[in-house]
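Visitor: Next come a sequence and a model predicted from it.
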Amino acid sequence: MALRDWVRDDAEFLAEAFLDPLIRRYNGASDERGFPAPPPSVADAAAVIDGFASRWGEFASTGNPAGAALMITDAVSGESLGCCGIDDWTADDVAQIGYWLVPAARGRGFATRAAILLTRWLFDLGAARVFLTVVAGNDASAAVARRAGFVYEGLMPSKSAWMGETFDVLRFGALPAAWSPDAPPAAVP
């Protein structure tokens with residue numbers, strides 16, 4: 001598993017990934033009641049990738065990585081597998097991360113290794129805490145959080161909406177001194 005910057009040539013992959021119902025459900029754009037936006041076109045996906053590049057440029061000048069994202073790939077084949085990124089970075093140096101994988105990549109440890117690498121980098125960058133949230137019922141994502149060394153911190157009732165219904169959200173966190181991922185990290189070339 002390797003992480004790399006997104007490039008405009010990845011736009012078709014990104015657009016196709018957001019046709020997957022689980023990616024749309026847990027990572028896609030939606031209104032306040034959880035009704036999903038249409039999947040992005042290739043042109044829309046290219047604009048999203050331009051936004052990722054812009055966030056990396058902002059990080060270089062501000063030191064705040066919020067909104068930056070990386071492509072998750074198979075280190076051997078180079079196959080595109082998914083995404084991980086920094087959803088937020090507060091003034092108190094608390095980072096929120098997220099991740100998703102296309103269906104063919106799930107269950108193979110890629111998300112866990114990506115979360116470990118991203119968390120390690122954020123702690124090296126000076127994060128005082130890293131956390132992530134998982135919609136209740138997304139057991140695979142909660143398992144990734146636990147394997148990546150995140151500790152369950154609690155339930156946020158009715159915090160997420162999908163198709164007009166509300167759902168609880170689980171919160172997982174890690175502190176640099178106590179963080180201990182179960183899975184060994186993969187080398188990033």
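Guide: Nice, I can see it.

Visitor: so which strand or helix has residue 88?
Guide: strand 80-89 (DSSP states H and E).

Visitor: Can you list the strands that the longest strand along the chain pairs with?
Guide: In the chain, taking DSSP state E as the definition, the longest strand is strand 151-162. As defined by DSSP bridges, the strand partners of strand 151-162 come to strand 165-174 (antiparallel).

Visitor: residue furthest from the geometric center of this structure?
Guide: Ranked by distance from the centre of the chain (CA atoms, centre = their mean), the top residue is residue 164, with 24.0 Å.

Visitor: Identify the residues contacting the closest residue to it other than its chain neighbours.
Guide: Spatial nearest neighbour of residue 164, excluding adjacent residues (CB to CB, 6 or more residues apart in numbering): residue 33 at 5.2 Å. (C-beta placed from N, C-alpha, C; glycine too.) By CB atoms under 8 Å, 6 or more residues apart in numbering, the contact list for residue 33 reads 161, 163, 164.

Visitor: Then residue 149?
Guide: Residue 149 neighbours (CB under 8 Å, 6+ apart): 116, 119, 174, 179, 180, 181, 182.

Visitor: could you measure residue 1 against residue 83, distance?
Guide: 13 Å (CB to CB, to the nearest Å).

Visitor: and for those two, which residues touch both?
Guide: Common neighbours of residue 1 and residue 83 (CB under 8 Å, 6+ apart) are residue 72.

Visitor: Pull the distance from the longest helix along the chain to the chain's centre.
Guide: As assigned by DSSP state H, the longest helix anywhere in the chain is helix 42-62. Mean-position distance between helix 42-62 and its chain equals 15 Å (CA atoms, centre = their mean, to the nearest Å).

Visitor: ok, residues contacting it?
Guide: 5-8, 10-12, 14-15, 18, 40, 64-69, 85.

Visitor: which SSE is residue 95 in?
Guide: Assigned by DSSP H and E, residue 95 falls within strand 94-101.

Visitor: next structured bit after that strand?
Guide: Defined by DSSP H and E, the subsequent element after strand 94-101 is helix 110-125.

Visitor: Return the list of helices and strands in contact with whichever helix or strand comes after that next one.
Guide: Using DSSP H and E, the helix or strand that follows helix 110-125 towards the C-terminus is strand 129-135. If you count contacts as 3 or more CB pairs under 8 Å, 6 or more residues apart in numbering; DSSP states H and E, strand 129-135 packs onto strand 94-101, helix 110-125, helix 139-147, strand 151-162, strand 165-174.
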